[in-house]
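Novice: Compute the structure for the input listed below.
(2 chains)
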Amino acid sequence: MSKFRKKDGKELPPISTASLPDIVFMLLFFFMVSTTMREVTYMVQMRLPQATELTKLEKKSLVSYIYVGEPLAQYQKTFGVAPRIQLNDQFANVSDIIDYVIAEREARNEAERSMIVTSLKVDENTTMGIVTDIKQELRKAAALHINYSARSRVER
Amino acid sequence: MARKTPEIPAASLADIAFMLLIFFLVTTTMDVDSGLERRLPQWVPPEQLDEDQQIKERNVFVVLVNRNNDLLVEGEYANLQDLRERAKHFMANPYNEESLPEKEPKQVPYFGEIMVSKGVISLRNDMDTKYGMYIAVQNELVAAINELRDELARRQFGKPYNELEKEQQDAVREIYPSRISEAEPRKR
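Specialist: Got it, this is the predicted structure:
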C-alpha cells in the first residue's frame, strides 16, 4: 500500500525564517506608533490616589504635568524628605509654577493653547497645603483645566 | 562575464529588529493617564473678593475634611460610604423638602420646562488634610453627580449617559451641572 509508505530518510525541510524580520518589524512599528516616550525622569516618589470616576487624558501633547511628592532616596540628602514640586527635570518652588505654565503655553501653537490640561500627579500622602498653593498659582496663571491624576479602583 | 554579487545574509535582520523592539518596549509607557477632571474657578484678586455674595444656607452642601482626615457633612461627622447617597439626595431633592435646595423652572431642550436645583456642593479642606482622602471625597461627589445624570438619562432616553448624543448630554448636564466648588482657602 503506497498510501502508508514510511517516510524513511526524508527529513522535514527547515521552516523558513525569512519572514521573521517582517513580523518583528510589524510589532516594532506598532509599539512605536502606539506608545509615547517617557519624557522626564521622576525625582519624586508618587503613589497616586485611587478613584473610580476617571476621565482619560486624550491628547498627550496637550498635557503638562506637575509632580509632587517626597524626593527620591538619592536626592534626600540635598533636598530633604518634605514633599517637593517637580517641574520638567528639576525641583521647583510654588512661585515657579506661573512661569512654567506660561512656558508650556508658549510651546503649543495658538489654536491649541486653550485646550491645555494640567495634570497634577500628587502622592496620596502629601498634605493639602501644598496642593492648595499650586491650585492658587494655576488660577493666577489662568490654567483652569486640571486633572487630578489617579489610579483606577474597582467598585466594591 | 560579470559575476553575480552574493546575496547579503538576512539572518541577522531579525536580531536587529528584536533589539529595536526591546528598546522601544523598555523606554515607552503604555498606560493612559487618567484622573479626576475638574475646572478651577477664575482667579479673583483678594481685594475684589466680595464677601456679600451670599448663597442661601439651604442651597449649600458643606463637606469638610479636617486635619485628622475626618469627614464632616453639614457640620456633623459622616462616613465616606454614605457621602454619595447624601450628595445625591441633596442635589436631586426628590420630595421638595424645605431644608434642601430650592428649584427654579428652566427651559431645557428635550425636557421642556423642568425644575432645576440651585444646590451647590462646597468642598473644604484643611492645610494638613491628606491628598488621598481629599481625592476620595471628591471622587464620591463626582460619582454622585454622574449617577444622577445617568439615572436621568435612563429615565428620559432609556440609555446610559455616556451613550447619548452630544445635545442630549448637554441637556442632561444642564439639569445636573457639576457644581462642586473647591472653596477659596481661608485667610490665615
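Novice: hey, let's count contacts and neighbours off CA atoms from now on
Specialist: Fine.
Novice: quick one: residue A:85 and chain B, what's the gap?
Specialist: 14 Å (C-alpha to the nearest C-alpha, to the nearest Å).
Novice: these two touch, right, that residue and residue A:97?
Specialist: No - the criterion here is C-alpha atoms under 8 Å, and residue A:85 misses it with residue A:97 at 9.3 Å.
Novice: helix or strand right after the least confident helix or strand in chain B by mean pLDDT?
Specialist: Using mean pLDDT, DSSP states H and E, strand B:28-29 stands out as the lowest-scoring helix or strand of chain B, at a mean of 69. Once the chain leaves strand B:28-29, the next helix or strand it forms, by DSSP states H and E, is strand B:34-39.
Novice: Quickly check: that following strand near chain A or not.
Specialist: Yes - contact of strand B:34-39 with chain A (C-alpha under 8 Å from any C-alpha of the partner chain) involves B:34-39.
Novice: Where is the longest helix in chain A?
Specialist: Looking across chain A with DSSP state H, the single longest helix is helix A:20-34.
Novice: May I see the buried residues of it?
Specialist: Taking 16 or more other C-alpha atoms under 10 Å in any protein chain shown as the basis for neighbour counts, the residues of helix A:20-34 that come out buried are A:20-21, A:24-25, A:28, A:31-32.
Novice: Run the chain-centre distance for it.
Specialist: For helix A:20-34, the gap between its own C-alpha mean and the chain's C-alpha mean amounts to 22 Å (C-alpha atoms, centre = their mean, to the nearest Å).
Novice: contacting residues for the closest residue to residue A:25 other than its chain neighbours?
Specialist: Of all residues not flanking residue A:25 in the chain, residue B:17 sits nearest, at 6.1 Å (C-alpha to C-alpha, 6 or more residues apart in numbering or on different chains). Residues near residue B:17 by C-alpha atoms under 8 Å, 6 or more residues apart in numbering or on different chains: A:21, A:24-25, A:28.
Novice: With pLDDT added, can I get the residues you listed in JSON lines?
Specialist: What follows is the contacts of residue B:17, written out as JSON lines (pLDDT from 0 to 100):
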{"residue": "A:21", "pLDDT": "80"}
{"residue": "A:24", "pLDDT": "82"}
{"residue": "A:25", "pLDDT": "83"}
{"residue": "A:28", "pLDDT": "82"}
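Novice: Next, see if stretch A:112-124 gets close to chain B.
Specialist: Yes - using C-alpha under 8 Å from any C-alpha, stretch A:112-124 reaches chain B at A:122-124.
Novice: Just the ones of those in strands?
Specialist: residue A:122 (DSSP state E).
Novice: Lowest-confidence member of the residues of stretch A:112-124 next to chain B, which is it?
Specialist: The member of the residues of stretch A:112-124 next to chain B with the lowest pLDDT is residue A:124, at 90.
Novice: Look at it and say how many residues are nearby.
Specialist: 21 (other C-alpha atoms under 10 Å in any protein chain shown).
Novice: Chain neighbours aside, what residue packs nearest to it?
Specialist: Counting by C-alpha to C-alpha, 6+ apart, the residue nearest residue A:124 is residue B:132, at 4.1 Å.
Novice: the bottom helix or strand of chain A by mean pLDDT?
Specialist: Min over SSEs of chain A, mean pLDDT, DSSP H and E: strand A:36-37 (a mean of 66).
Novice: Now do residue B:143 against chain A, distance only.
Specialist: From residue B:143 to chain A the distance is 6 Å (C-alpha to the nearest C-alpha).
Novice: Check whether that residue really touches residue A:55, as I assumed.
Specialist: No - judged on C-alpha under 8 Å, residue B:143 makes no contact with residue A:55 at a distance of 12.0 Å.
Novice: Those two: which has the busier surroundings?
Specialist: A side-by-side neighbour count of residue B:143 and residue A:55, using other C-alpha under 10 Å, places residue B:143 first with 20 against 16.
Novice: so what's the more buried one closest to, chain neighbours aside?
Specialist: residue A:53 (6.1 Å).
Novice: What ranges does chain A have for its strands?
Specialist: According to DSSP E, the strands that chain A contains are A:36-37, A:44-45, A:50-51, A:55-56, A:63-71, A:84-87, A:90-92, A:117-122, A:145-149, A:151-152.
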